[in-house]
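K.L.:
dropping a prediction and its sequence here:
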Amino acid sequence: AATADVTRQALISEISDNTPFDVMVVEPADEVASYPVGSTPVSVTVEDVWGNQRTKSILAVVQDFENPTAECLPDISVPASNSSGARANWGALSVSDNTDPRGSSLRIEASHQSGDVFAQGDTTVTLTVFDASNNSFECSFKVQVSALGSSASAADNDSTSTIGAGA
């Protein structure tokens, strides 16, 4: 899961003292702490030069602005099986995100689905991957359906393309 490093000084930005002197952070003891994406309550204790302490509960808010990633699928060529075109199949899209490296919680929207029937000619398939923070990654590939009765190479007769482990 993604985290962000936050310094003690950043945590005390809302805590002030009634003197012109700086305050020192007593708790948390670590100079830098990691917090997960979302809101995490943190208790911060500061001390002024006279030893007066003040504790305040604040929220460390970490936002995810990083787009997920995906390995785009290659173009697919299939021969038309009838006048309607041909059915084209492809494997799962290999996806990842900084908050979900395996991609199990990512949402994928597609302009077309694997197994759809495509008309003769070229059709662009657009895939958009969204993470929990609604950051997105978009890629596309073409499905080329050759004319009914035209000769196609052996490579063009394979209507299934599988890329990556998928999610």
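P.N.:
Cool, got the structure.
K.L.:
hmm, Ala33 is touching Val44, no?
P.N.:
No. With contact defined as Cβ atoms under 8 Å, Ala33 and Val44 do not form a contacting pair (10.6 Å). Using the backbone N, CA and C atoms, a C-beta is placed for each residue, glycine as well.
K.L.:
stretch 74-92: end-to-end distance?
P.N.:
12 Å (Cα to Cα, to the nearest Å).
K.L.:
give me the buried stretch members for that stretch, please.
P.N.:
By neighbour count with 16 or more other Cβ atoms under 10 Å, stretch 74-92 contains the buried residues 76-80, 85-86, 88-90.
K.L.:
which residue lies nearest the spatial centre of the protein?
P.N.:
The geometric centre of the chain, computed from its C-alpha atoms, lies nearest to Pro68 (Cα atoms, centre = their mean), at 2.4 Å.
K.L.:
tell me the phi and psi of that one?
P.N.:
phi -70, psi 170 (degrees, to the nearest 10).
K.L.:
that older thread, mind checking which of the buried residues of stretch 74-92 land in strands?
P.N.:
76-79, 86, 89-90 (DSSP state E).
K.L.:
would you turn those into TSV with distance to Val37 and pLDDT?
P.N.:
Below are those laid out as TSV (distance: Cβ to Cβ, whole Å; pLDDT from 0 to 100):
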residue	distance to Val37	pLDDT
Ile76	36	96
Ser77	41	96
Val78	41	95
Pro79	47	95
Ala86	43	96
Asn89	35	96
Trp90	31	95
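K.L.:
most widely separated two among these?
P.N.:
The span of these, defined through Cβ to Cβ, is set by Pro79 and Trp90 at 16.2 Å.
K.L.:
may I have the beta-bridge partners of Ser34?
P.N.:
Note on Ser34: beta-bridge partners by DSSP bridges are Asp5.
K.L.:
what's the neighbour count on it?
P.N.:
Residues lying near Ser34 (other Cβ atoms under 10 Å) number 13.
K.L.:
alright, calling it a day.
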